[in-house]
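> sequence first, then the predicted structure:
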Amino acid sequence: MTELGDELLAKIYKDYSQDCYLYAFYFTKNKEQAQDLVSEAFLVIAESLDELNEKQINYFLLKIIKNRFIDWTRKQTVAHRWRKFPSHVFQAESQQLSTPLEEIIGQERKRALYRSIEKLPKDTREVILLYYFLEWRIEEIATYKEWSYTQAKNRLYRGRQLLKEELTNE
């Protein structure tokens, strides 16, 4: 790889590694396995850097992560169960609540949200993750999922409605 290629790969890693890790962790619920998936994705990107344009890279990385995870789960004999996201994963939620009671209430609300997200259909759950946790626009989700804009928007809307129903019932 040339020096220019190294610089481009470093820029790509800086721009997309955090989103890729969160996406991988969404699937694996395991820090080490998520890091492995991200590493594999960046190795594939490094090998095919000449053939990709910059707009494709983010989608390509996430597709690699998802496909590698699917391959891994097929090889496993024990069924993989979804668990809640640990709160340390999300750096954006680093606000300190003022009292221990508020902290406990905040943690319980997060747990309820994560449990509700787990109950959503697979594609809807993924759209919610991409939109709210990775802060993708609906157009990006539609492109990634190979849906129309309307399909992605409807899936997000239905997901919100299902979450609202689930959270009000708890």
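Structure's in. What do you need?
> could you use CA atoms for every contact and neighbour count after this?
OK.
> in the chain, which residue is most central in space?
By CA atoms, centre = their mean, the chain has its centre lying nearest to Y23, at 2.5 Å.
> can you classify that one by secondary structure?
helix (DSSP: H, G, I helix; E, B strand; the rest coil).
> now do the contacts for it.
Y23 is in contact with 62, 65, 134, counting by CA atoms under 8 Å, 6 or more residues apart in numbering.
> what about the nearest residue to the last one once chain neighbours are set aside, which SS state?
Meaning L134. Excluding its sequence neighbours, the residue lying closest to L134 (CA to CA, 6 or more residues apart in numbering) is D19, at 6.1 Å. Using three-state DSSP, the structure places D19 in helix.
> what about D19, how many neighbours?
Residues near D19, counting by other CA atoms under 10 Å, number 18.
> other SSEs contacting the helix-or-strand element of the chain with minimal mean pLDDT?
When each helix and strand of the chain is scored by mean pLDDT, DSSP states H and E, helix 100-119 comes last, with a mean of 83. Packing contacts for helix 100-119, counted by 3 or more CA pairs under 8 Å, 6 or more residues apart in numbering; DSSP states H and E, involve helix 122-128, helix 149-169.
> how far out from the middle of the chain is it?
The chain centroid and the centroid of helix 100-119 are separated by 19 Å under CA atoms, centre = their mean, to the nearest Å.
> and what of stretch 21-37?
9 Å.
> outline the domain layout of this protein.
Using the TED database, the domain parsing of the chain gives 1-77, 99-169.
> quote the end-to-end distance of the last one.
Just to be clear, that refers to domain 99-169. 27 Å (CA to CA, to the nearest Å).
> ok now that domain, how far from the chain's centre?
With CA atoms, centre = their mean, you get 11 Å for domain 99-169.
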